[in-house]
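Novice: let me see the structure of the following:
(one chain, ligands or ions: 1)
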Amino acid sequence: MSRTVWDVHHHWVNEEGYIERLLATMDRLGIERTGLIAMGDFVPDLFLLHGPRVGCADNEDLARVVTAHPDRLWGWGYIRLGRHVPEDVDRLADLGMAGLKFHAPVRPYSDPQYFPVYEKASRYGMPCLFHTGIFYPPTPMPGEGINSENYRPIHVEPIAHEFPDLKMIIAHLGVCWNDEAAALCRICPNVHADLSGRVDGWRSSRPIEWFSQLLYWPTSHEKILFGSDVHADEVETTLEDHERIFSRMGWSADRIDNVLQGNARRLMGM
Ligand SMILES: [Zn+2]
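Specialist: Below you'll find the predicted structure:
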């Protein structure tokens, strides 16, 4: 297998030996680097497959493994907008995080009260990965203000205007708001997207023609990144599913290579 892959969207699953499992999977599949997220006590049971939960990996744990494997992993420092404060961006930069991951903001991403966070990210040159689309946790989270309307892709538009140097990735191509997400990728120079998610998730309902129609503009292959967003054991089938979609769309090997690693390499500046 000659492909080289960068996975821009992978969550640390709180299982015994998970990082070793992930690194072994990366070796086997030709994944050179993975952007890793650890959300601490926010959805600690995410993607559990093997046995009971062990630990509750947070930004500090992530900093440790990224420091131990700097040529294989980079860290997306997790920020919950509305709970964390702008100074947390300084702390995450000090920890060596390459970028920021936002999930479940209390108010819409576009709320001006979050702009100091984006301003700091822009100043540090930290790309930002935004969860977009419906989010329903494994167990309901009363009192946490979960509201997927806040995670619509269109909310990144004002951020793109205000912070033209801030590189942004819309995760899951918006899930249920794909048109919005694709239009933003096409029109805003600093907006990109990943198509991450399980093989039986949102991508599975769509025929190839749908992807071709959505990503119709000639340079769309410069805006799409590979992200897994599944357990390490499911990365292989998710990666194969991405390759199936792009090759059936008729994309050249060069275009597919952009999506699998070139765009991520440029975006992360590594
Ligand atoms: Zn995610």
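Novice: neighbours around Arg265, how many?
Specialist: 14 (other C-beta atoms under 10 Å). The way it works is simple: take the backbone N, C-alpha and C, and place the C-beta from them, glycine included.
Novice: hang on, it in a strand?
Specialist: No: looking at Arg265 with DSSP: H, G, I helix; E, B strand; the rest coil, it is helix, so not inside a strand.
Novice: quick one: pLDDT of the closest residue to it other than its chain neighbours?
Specialist: In this structure, Arg265 finds its nearest non-sequential neighbour in Trp6, 6.3 Å apart by C-beta to C-beta, 6 or more residues apart in numbering. Per-residue confidence (pLDDT) for Trp6: 98.
Novice: same thing with Met1?
Specialist: pLDDT recorded at Met1 is 51.
Novice: and the longest helix for this structure?
Specialist: Longest helix of the chain, by residue count under DSSP state H: helix 235-248.
Novice: tell me which other helices or strands the helix or strand following that one touches.
Specialist: Note on helix 235-248: by DSSP states H and E, the next helix or strand toward the C-terminus is helix 253-257. Counting contacts by 3 or more C-beta pairs under 8 Å, 6 or more residues apart in numbering; DSSP states H and E, helix 253-257 packs against helix 235-248.
Novice: dump the helix it packs on to CSV, restricted to CA.
Specialist: Extracted C-alpha coordinates of helix 235-248, given in CSV (Å, rounded to 0.1, in the frame of the first residue of the first chain):
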residue,chain,number,x,y,z
VAL,A,235,-10.3,3.8,10.8
GLU,A,236,-9.5,1.3,8.0
THR,A,237,-13.1,0.9,6.8
THR,A,238,-13.7,4.7,7.1
LEU,A,239,-10.5,5.4,5.1
GLU,A,240,-11.6,2.8,2.4
ASP,A,241,-15.0,4.5,2.3
HIS,A,242,-13.4,7.9,1.6
GLU,A,243,-11.2,6.4,-1.1
ARG,A,244,-14.2,4.7,-2.7
ILE,A,245,-16.2,7.9,-2.8
PHE,A,246,-13.3,10.0,-4.3
SER,A,247,-12.3,7.4,-6.9
ARG,A,248,-15.9,6.8,-8.0
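Novice: and it, what's buried?
Specialist: Residues of helix 235-248 classed as buried under the neighbour-count rule (16 or more other C-beta atoms under 10 Å) are 235-236, 238-239, 241-243, 245-246.
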